[in-house]
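All I have is the shape, not the residue letters:
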């Protein structure tokens, strides 16, 4: 590790720490309906939206109604995105002619299964890229389908987190607030102003924002280069801030037009974690004890540093097999060293490793380097982050309700150890809450492990409908344990609504599009609904007074307990699978073992 | 449930107008007005003709130009089809490709004897990396100088003038923009 690399990570964390309180306080005011400095501008718009949509601002919902609204909104969103994609050939803002009679030569057809996968993906805040942006989607789809979901799927996630916070904060009430109001406020007051400023900043630093067709350039040596452009800045901003992560371009934030400079890179990583970090403070504020929020923040910070330094260290050390060929692996003499396959020169090793860790700490899933080409240990960190349900700051909203479920499990374990009914924030944690928390954690683990196992053995006829390459393993770009890692990463990413990938795997076939879409739905609602059920149950309970026997849920003991719960649950569930993938590959790499191409024919 | 669905449909339409049409529309108008160069892709024109973008790498194979990194974007530096190789660290294809690049580099640059810089024979994530490290540029300097019949010192000076450094001690990695450097070569020593 180099001093500048370590400094990068430390400065990043300090800036994140600095934005947590102001952003968290602002969000607490927004969701408590207090007046903020943006109200003169946005309050009339908010009221107009309520009037147009028939929303009654002052009505409250029980947890079942709140969940029904969430499901209805998600269903309609899905149908909109699906329809717009399928109809893109007939819609405007399509200068390149995708899905028309004259598409570009390298265009990918918008099949029903690809449209399904992408619609589910953006509605669930996953933003998995089975599509390649610049070869598949018109500007109309990018703006009116994908950008919209970048806003509202993030706001829906925050709404669920706020409902769970209210469950802890309220006493003997049976309502949790109003989903429509929470969704509207999150979009209007939190996402929209931040994204507007961020998009302008990005464009100033080099991110394109145009509706013109792709540019044809005559290169210095003669051949023509077609340069894809588009309304990138306006999509990039909510993509980062709303932990969406679906790129305008196939290469995502590694593409120089999505992320042109070291400064945009720093700000984009910050944007991944800013809102989620702020929500820990919102939580503390709304439950009336900011120490509780900082307790969660501290546990997240411990896991963040552990992950980022293991990943950075491994990428810095590089690939010993390439080192034997005569490549410089130390950072010296004007070159970066380390494992530079799949990384950009302007970012180097440290900020690539930081991004890979942050994007999987959160449910963002954007990338500025290709995780598939990471060293096995470097790639293990993002994968383990996904599998522990992305609770290290986490997705917008999903990170907070995720870690609160782990907190429920944590106090339950502590309660078992001392033989006392567990409590959290003065609420007795009983059978129902623990059951629901375990359901959420088990359901996503089930989707990851069972679907990965299925794809490791599923056989299909070659050139058939379901999976034209043949067996499900024929879609891989790497053989040996790394091939298994590609499958395991894909289902970890989909089930946890992340969207990053070991992207060598070709997932644009009906089999993978549908199975991964199903994993996304299980991951989104298999986590949200139990969280809302817990919220509903907690809101009805009384507060029990704090006694000398109460476990304080802040301070070092609590942080240690929470960290241990997350790591132990994750390790117990996923160690066998991980040992077949990245762990064994790490040992083999150090022995110099390589794997030749797959025996199956590759379909394109 | 019908009431929920009816609110949902209306809200999705309102949000589509607001965040899918008005927001990107206003951002587009503002950016086209404030930052016309970057908003249109930071294009570089020579004699009125677009030769590329300062942010997007392009392929160079002639000895008188500096060469970029290997690219996995389409057939190589295809700026309408970005992407990395996605080769894992134990993939034989990665090892073969790197061996090949090293052999080609050694053959084309017989005067350079040092170790191979890590970025020069590895594919970038986007396949469109506009930069190489200063070491990768210096390793090619003797070849460029010889092909152009220019003293090596002048080429090295040009490289040094084009190095973008590390801001504030941590932000960014020292790098050289290949297209800008090659354009400067043509400007100073003539297009061949």
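Arrived safely, thanks for sending. Everything numeric here is computed off the predicted structure, so don't read it as measured data. Numbers count the residues shown, from 1 in each chain, chains lettered A, B, ... in the order given.

got any ranges where the stretch 451-600 of chain A has weak pLDDT?
Scanning the stretch 451-600 of chain A with the threshold set as pLDDT under 70 gives A:597-600.

for chain B, what are the nearby residues on it?
A:477-482, A:485, A:502-504, A:585, A:588-589, A:593-597 (C-beta under 8 Å from any C-beta of the partner chain). Quick note: C-beta positions are derived from backbone N, CA and C, even for glycine.

Buried ones only from those, please, as a PyMOL command.
PyMOL command restricting those to the buried ones, with burial defined by 16 or more other C-beta atoms under 10 Å in any protein chain shown:
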select buried, chain A and resi 477+478+479+480+481+482+485+502+503+504+585+588+589+594+595
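
Mind checking which of the residues of the stretch 451-600 of chain A next to chain B land in helices?
Counted as lying in helices by DSSP state H, out of these, are A:481, A:482, A:485, A:585, A:588, A:589.

What segments of chain B are helices?
Using DSSP H, the helices of chain B run over B:2-15, B:23-34, B:36-39, B:92-108, B:134-148, B:152-162, B:178-189.

deepest of those helices, which one?
Among the helices of chain B, the stretch with the highest mean neighbour count (mean count of other C-beta atoms under 10 Å in any protein chain shown) is helix B:134-148, at a mean of 22.

pLDDT on stretch A:57-76, on average?
Throughout stretch A:57-76, pLDDT has a mean value of 96.

That one vs chain B: in contact?
Yes - counting by C-beta under 8 Å from any C-beta, contacts between stretch A:57-76 and chain B involve A:68, A:69, A:72, A:73, A:75, A:76.

just the buried members of those residues?
A:68, A:69, A:72, A:73, A:76.

Isn't the first one up against residue B:4?
Yes - distance between residue A:68 and residue B:4: 5.5 Å, which falls inside the contact criterion (C-beta atoms under 8 Å).

what's the spacing between the most centrally placed residue in chain B and chain A?
By C-alpha atoms, centre = their mean, chain B has its centre lying nearest to residue B:130, at 1.6 Å. With distances taken as C-beta to the nearest C-beta, to the nearest Å, residue B:130 is found 6 Å from chain A.

who's in contact with residue A:232?
By C-beta atoms under 8 Å, 6 or more residues apart in numbering or on different chains, the contact set of residue A:232 is A:207, A:208, A:209, A:248, A:249, A:257, A:258.

ok, which pair from those is furthest apart?
A:209 and A:249 (14.0 Å; C-beta to C-beta).

Determine which residue lies closest to the centroid of chain A.
residue A:363 (1.7 Å).

Could you report the distance from that residue to chain B?
Going from residue A:363 to chain B by C-beta to the nearest C-beta gives 20 Å.

so that residue sits in a strand?
No - counting by DSSP: H, G, I helix; E, B strand; the rest coil, residue A:363 is not found in a strand; it is coil.

okay, it: pLDDT?
Per-residue pLDDT puts residue A:363 at 91.

Strands of the stretch 401-550 of chain A, start to end?
A:423-424, A:427-428 (DSSP state E, counting those that start in this stretch).

mind giving me JSON lines with those strands and columns for distance to chain B?
Output for these, formatted as JSON lines (distance: least, C-beta to the nearest C-beta, whole Å):
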{"stretch": "strand A:423-424", "distance to chain B": "31"}
{"stretch": "strand A:427-428", "distance to chain B": "29"}
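
Can you lay out the ones you listed as JSON lines showing mean neighbour count?
Output for these, formatted as JSON lines (neighbours: other C-beta atoms under 10 Å in any protein chain shown):
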{"stretch": "strand A:423-424", "mean neighbour count": "22"}
{"stretch": "strand A:427-428", "mean neighbour count": "20"}
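
could those go into JSON lines alongside mean pLDDT?
Converted to JSON lines, the strands of the stretch 401-550 of chain A look like this (pLDDT from 0 to 100):
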{"stretch": "strand A:423-424", "mean pLDDT": "92"}
{"stretch": "strand A:427-428", "mean pLDDT": "94"}
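
Tabulate the ones you listed (CSV), appending distance to residue B:45.
Converted to CSV, the strands of the stretch 401-550 of chain A look like this (distance: least, C-beta to C-beta, whole Å):
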stretch, distance to residue B:45
strand A:423-424, 63
strand A:427-428, 66
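
Give me the phi and psi angles of the closest residue to residue B:27 other than its chain neighbours.
Excluding its sequence neighbours, the residue lying closest to residue B:27 (C-beta to C-beta, 6 or more residues apart in numbering or on different chains) is residue A:234, at 4.3 Å. The phi/psi pair for residue A:234 (degrees, to the nearest 10) reads phi -70, psi -20.

And the residue nearest to the centre of chain B, how far from residue B:54?
Distance, residue B:130 to residue B:54, using C-beta to C-beta, to the nearest Å: 7 Å.

Would you mind listing the residues touching both of these two?
B:177, B:179.

Might you list the low-confidence residue ranges for chain B?
B:192.

for the nearest residue to residue B:160 once chain neighbours are set aside, what are its contacts?
Excluding the flanking residues, the one nearest residue B:160 by C-beta to C-beta, 6+ apart is residue B:134, at 8.0 Å. Residue B:134 makes contact with A:334, A:335, B:159, B:160, B:163, B:174, B:175, B:176, according to C-beta under 8 Å, 6+ apart.

cool, residue A:11 as well?
Residue A:11 makes contact with residue B:170, according to C-beta under 8 Å, 6+ apart.

just the strands in chain A please.
Ranges of strands in chain A, per DSSP state E, are A:215-218, A:224-227, A:423-424, A:427-428.

Any part of stretch A:275-293 near chain B?
No - counting by C-beta under 8 Å from any C-beta, chain B has no neighbours in stretch A:275-293; the shortest distance is 16.0 Å.

That stretch: which residues count as buried?
Judged by neighbour count (16+ other C-beta under 10 Å), stretch A:275-293 contains these buried residues: A:275-287, A:289-290, A:292-293.

Check stretch A:60-73 too.
Neighbour counts using 16+ other C-beta under 10 Å place A:61, A:62, A:63, A:65, A:66, A:67, A:68, A:69, A:70, A:71, A:72, A:73 of stretch A:60-73 among the buried residues.

Among the residues you listed, which ones are in helices?
Using DSSP H, A:63, A:65, A:66, A:67, A:68, A:69, A:70, A:71, A:72, A:73 are the members of these that sit in helices.

Identify the residue nearest the last one in space, chain neighbours excluded?
By that I understand residue A:73. Per C-beta to C-beta, 6+ apart, closest to residue A:73 is residue B:8, 4.6 Å.

Distance check, the one you found against residue B:14.
Residue B:8 sits 11 Å away from residue B:14, going by C-beta to C-beta.

before we move on, what about residue A:427?
For residue A:427, the distance to residue B:14 - C-beta to C-beta - is 36 Å.

Equivalent analysis for residue B:113, please.
Taking C-beta to C-beta, one finds residue B:113 at 67 Å from residue B:14.

got the domain boundaries for chain B?
Chain B breaks down by automatic domain parsing into domains covering B:2-36, B:54-189.

where's the longest one relative to the chain centroid, distance-wise?
If I follow you right, that is domain B:54-189. Centroid separation for domain B:54-189 versus its chain: 9 Å, with C-alpha atoms, centre = their mean, to the nearest Å.

Endpoint to endpoint, that domain covers what distance?
End-to-end span of domain B:54-189 (C-alpha to C-alpha, to the nearest Å): 20 Å.

can you count the residues close to residue 167?
Looking at chain A here, since you left the chain open. Neighbourhood size, residue A:167 [other C-beta atoms under 10 Å in any protein chain shown]: 29.

oops, I was thinking of chain B
Residue B:167 has 12 nearby residues by other C-beta under 10 Å.

contacting residues for the nearest residue to it once chain neighbours are set aside?
Leaving aside its sequence neighbours, residue B:167 sits nearest to residue A:262 (C-beta to C-beta, 6+ apart; 6.8 Å). Contacts here follow C-beta under 8 Å, 6+ apart; on that basis residue A:262 touches A:346, A:347, A:351, B:167, B:171, B:172, B:173.
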